[in-house]
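Trainee: Using only what follows, build the 3D model:
(3 chains)
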Amino acid sequence: MSQTAETQSGAGGLVRYVPRDAVRLVTRAPAVDAVGLEERAASLGKRSIKKASKLWALDLAIRCMDLTTLEGVDTVGKVEAMCAKALRPDPLDATIPPVAAVCIYAQLVPHAVEQLRGSSVKVASVAGGFPAGLAPLEARLADVRQAVEAGADEIDIVLNRSLFLGGEYARAFEELVAAREAAGDAHLKIILETGELGSYDRVRQASVLAMAAGADFIKTSTGKIGIGATPPSALCMMEAARDFFTETGRRVGVKVAGGVRASKQAIQYLVLVYETLGAEWMTPDRFRIGASSLLNDVLMQINKERTGRYQGPDYFTID
Amino acid sequence: MSDPRVPVKRTAKLYIKGEFPRSESGRSYEVFSHDGRLLAWAARASRKDLRDAVKVARAAQPGWAGRIASNRGQILYRVAELMEGRRAQFETELADAGASDPRRGVDAAIDRWVWYAGWADKIAQVLGGTNPVAGPYFNFTIPEPTGVVGIVAPQEQSLLGLVSRLAPAIVSGNTVVVLASERAPLPAVSLGEVLATSDVPGGVVNILTGLTAELVPWLAGHMDVNALDVTGVPEDMQTQVEELATENMKRISRARDVDPFSDEAQSPYDVTKLMEFKTVWHPIGA
Amino acid sequence: MSDIERTTTRVPEPTMPSWEYAPAPESKEIVRLRDRYELFVDGRSIEPKTGRYFETIDPATEEPLAEVAEAGEEDVDLAARAAREAWETRWRDLPGKERAKYLYRISRALQERSREFAVLETLNNGKPIKESRDIDVPLAAAHFFYYAGWADKLEYAFPGRRPRPLGVAAQITPWNFPLLMCAWKLAPALATGNTAILKPASTTPLTALLLAEVVEQAELPPGVVNVITGPGGRTGGWLAAHPDIAKIAFTGSTEIGKVLRRNVAGSGKRLTLELGGKAANIIFEDAPIDQAIEGIVNGIFFNQGEVCCAGSRLFVQESVFDLVVDKLKSRLSTLRVGDPLDKNTDVGAINNRDQLEKITELVQSGIDEGAEIFQPDCVLPDRGFWFRPTLFTNVSQSHRIAREEIFGPVLSILTFRTPDEAVEKANNTEYGLSAGIWTDKGSRILWMAERMKAGVVWANTFNRFDPSSPFGGYKESGFGREGGRHGLEPYLDLDGGAA
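Mentor: Residues are numbered from 1 along each chain as shown, chains lettered A, B, ... in the order given. Down below sits the predicted model:
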């Protein structure tokens, strides 16, 4: 098992990070002023996105959505219904695009793969002892491998907060690199669980660690604890991704998840991406929103923009 | 011939967490006017109501103290706006209680409330500050609200007297449990209704009507109450209250023996009596 | 599942190739502009004795907004005498708690009519609506609310003294924060028991005149607040010279401040001046860099840089120079310059042609003296007064752009190596209004703050204002403080004896 993460550098050479680098990466991550960060996020939250720009954003929000169900009661039937919704969010409107991916537990992956075969919608599986991530390492890595073998295109794993907050950065890093390897060619998202890291400095450090370990995406939350994505945490991660790109030339995507229920929030996150990372990140390859009830709210907003009327929930399917 | 219309009489209930429950004991007591008319049955709060009110006040305290000072000032000012709108009711209640000049009493109560509202964002400037210590340290003292305050409201002066103890307690960020005047609780009940319809968050002020002697010992001995305003405690219970307050070192405050209408009866020191002073040190060095 | 659903869904392309914010203009309808505004004296709208009016325009479009009365010497005399009489008969002896209630009313009215004031301020000044809406108007309302609370507590503000008002205050306000500066002047003056004559800047009289409406709405006794308008320094000059004026408060350029001070020399009138600045914004290598960038940008581009306390000299610790400058250049490219009434605009119009010319001249001097200029590409409207956000590197202390106040969206960037050097260079100016310090180290913040010769020091933040926080300068940035307990002093006689 290799302990090195390789990533493309801006100059075209390879930037290799070894576990020893982990400590340096974490301790030299820039300080984050909480008040300034929150003010910037709030100020961007006041952007007024109207008419054509609102429709564009709502359309992108769907195309960047990971339609998610992660409940103990998820049956095959439930997942199949959600896949149908993922492919055709509004059965009466062919201009509504499919979502980016469905996000489910590993056991349901084969069924989702079957449902979505031949479509553009990816199957993302949480794996590796989600959400706490504290099962024995071998079991977690086996979980990742099996999900990939079952056909998952994308894997969402969690950072080991027990190690990270305990100061064992090298070990936390090694585990992430091992998961990167176990995921093979699958697209890997590393969940930082920003709601329990305790400070934005920690969010910045965790972002750096995850990107250095080879994440394709860094993700805010599991959605399983009280606090999910917040604009300031997402902004902090985006600033980290921006610097990582400057230093290494590699674009790591950002996914917000947990508590994103309203279109207004989705648009706020899109504004953050746009004004922090730029137009080139406005694509499902670089930005995702993990959500479930958000989709119907976006559909309602699209209809409101088109018809001028406020919408009611009865007119949108619940799958 | 008298008006055949039957008026709808107000029920006098407790005010806890922004709502108006009856006493959990199901009891109430008669409230008479100064000239013997039955005015209402007011809720007779039990020790369990008191216990609940303290819990509620504690839960509300961090949020209230955490608000920006000028925001608390604005909220208190809003209360005065609503008191002004309700003055007819207050004047009637004061008249029933035997006040010789109800209008003057209501004017004074509203003006006193406004006076204290204006202190919210000034106390720290007047009574806090930096200290020039001997050494390369930045040293500053800031006043902070003490927490949950129990107020035994004066038995007489049931509006102005109550306002004079309540406003200084909450302007700094304390939350309170008030034991209203036993003899004349109705202005306190109406004040609760005003608070409920202003922007004061539920739980910041809780008003219990009932029998003073029954409730005071429970308030005085409660280990989660940080300070007591003993203005309305009967003379013969003052020592007992002081003894009960010792167990968790409650701070004690009381009204001065001055004309409640005078400027002597209002003071920023009534605010700081219910505050703690925290001093912080930090080195100065490149 | 059917074959139809199995095929790859063709996703229709969104209509825009990349995202652009659609225009989001705030409506002008809420403002009811009059064709002509008179003077407001002794509680009434009166025509100027001069019979003359001057035009006030929208600097973003150069469209005229209204005609405004031109006060002459006689009008100034009328106002001063009315204010004096109002002081003696209707205001000085009013109990503090009643004065307080009038001020609370003004504050509440500003909150109620906040949108109207914000739009009018943007129309007349050129600043983005999001700033007038979120900063100027709320701070103005808060200022009245704060000082209302002092009106009946003056004995606590000055232990051992029996504070007494001075009389009539002449208050000359600038064009950069027209309404807010009226609030900063009026609120403490009235709270302390003085009456006032406001002389707003000639390019931005409209919100002061709308404030006069609020004063009427609040039913203040006539003559307590008067608003007289007039172009240039003449009206201000007559006002300052009038014998019935006891106190003068001026915010504006250092140059005019000096003229005023010379003119009132020996008259016994009390004076406070809030003048220009050339603030140093100092960024250490351990600063929270991304937030520091926001602070730097806010420091010089907020209000188009037309701010006396603007962070116009950036001192970057050499070890992070490249990082900071690269980030700044990228950030400048995301600034949205344009229609001030658009809710998404970050940088609006320069207030007047004279100022635009001054900025242009100074920027040219920067280029001529060898500094390196950077400006993002942004499309500027063809009418109106506009200047692109600008930064200069390769600047030295002696360059004009490092010494003279530009009062525009232009940042001069210099470097330093040690804290001592930063202190020395930051203080090496005749100004002393404000300074910024960016570092993660608490003790260094305090050490630097101790050494900054500036009346306001911001650490890990910038351009923060609060009615309770005293504001004012050292050296040629003026004297006297506005805000806080200290802001009462300029309007009081404390020598009247012990309490």
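
Trainee: On the three-state scheme, B:Val31 is what?
Mentor: Put simply, B:Val31 is strand when judged by DSSP: H, G, I helix; E, B strand; the rest coil.

Trainee: what number of residues lie near it?
Mentor: 22 (other Cβ atoms under 10 Å in any protein chain shown). C-betas here are computed from N, CA, C, even on glycine.

Trainee: residue ranges with poor pLDDT in chain B?
Mentor: B:1 (pLDDT under 70).

Trainee: so where do the strands sit in it?
Mentor: Taking DSSP state E as the criterion, chain B carries its strands at B:28-32, B:38-43, B:129-130, B:137-145, B:148-152, B:175-179, B:205-208, B:227-229, B:251-253, B:275-283.

Trainee: Adjacent strands (with direction) for the fifth one?
Mentor: If I follow you right, that is strand B:148-152. strand B:175-179 (parallel), strand B:227-229 (parallel) (DSSP bridges).

Trainee: Return the most buried member of those.
Mentor: Highest mean neighbour count among those (mean count of other Cβ atoms under 10 Å in any protein chain shown): strand B:175-179, with a mean of 28.

Trainee: what's that one in contact with?
Mentor: With contacts defined as Cβ atoms under 8 Å, 6 or more residues apart in numbering or on different chains, strand B:175-179 is touched by B:45, B:50, B:53-54, B:57-58, B:60-61, B:64, B:147-153, B:162, B:166, B:169-170, B:188, B:203-208, B:210, B:212, B:215-216, B:219, B:225, B:232.

Trainee: same thing but 7 Å
Mentor: B:50, B:53-54, B:57, B:60-61, B:64, B:148-153, B:166, B:169-170, B:188, B:203-208, B:212, B:215-216, B:219, B:232 (Cβ atoms under 7 Å, 6 or more residues apart in numbering or on different chains).

Trainee: Now do C:Asn37 against C:Ala140, distance only.
Mentor: To be clear, residue C:37 is Tyr; Asn isn't right here. Between C:Tyr37 and C:Ala140 the distance is 19 Å, computed by Cβ to Cβ, to the nearest Å.

Trainee: So which of the two has more stuff around it?
Mentor: Comparing C:Tyr37 with C:Ala140 by other Cβ under 10 Å, the one with more neighbours is C:Ala140, at 31 against 23.

Trainee: residues contacting B:Ala40?
Mentor: B:12, B:31, B:186.

Trainee: Make JSON lines from those residues and add distance to chain A to it.
Mentor: Below are those laid out as JSON lines (distance: Cβ to the nearest Cβ, whole Å):
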{"residue": "B:Ala12", "distance to chain A": "40"}
{"residue": "B:Val31", "distance to chain A": "46"}
{"residue": "B:Leu186", "distance to chain A": "43"}
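
Trainee: Helix or strand: which one has C:Trp458?
Mentor: strand C:456-459 (DSSP states H and E).

Trainee: Show me what counts as buried in that strand.
Mentor: Residues of strand C:456-459 classed as buried: C:456-459 (neighbour count, 16 or more other Cβ atoms under 10 Å in any protein chain shown).

Trainee: And that strand, how far out from the chain middle?
Mentor: 17 Å (Cα atoms, centre = their mean, to the nearest Å).

Trainee: touching chain A at all, that strand?
Mentor: No. Judged by Cβ under 7 Å from any Cβ of the partner chain, strand C:456-459 makes no contact with chain A; its nearest approach is 10.1 Å.

Trainee: That strand: partners in the sheet, and parallel or antiparallel?
Mentor: Next to strand C:456-459 in the sheet, as set by DSSP bridges, lie strand C:434-438 (parallel).

Trainee: Nearest to chain C: which residue in the stretch 1-150 of chain A?
Mentor: Closest contact between the stretch 1-150 of chain A and chain C, by Cβ to the nearest Cβ, is at A:Gly36 (3.1 Å).
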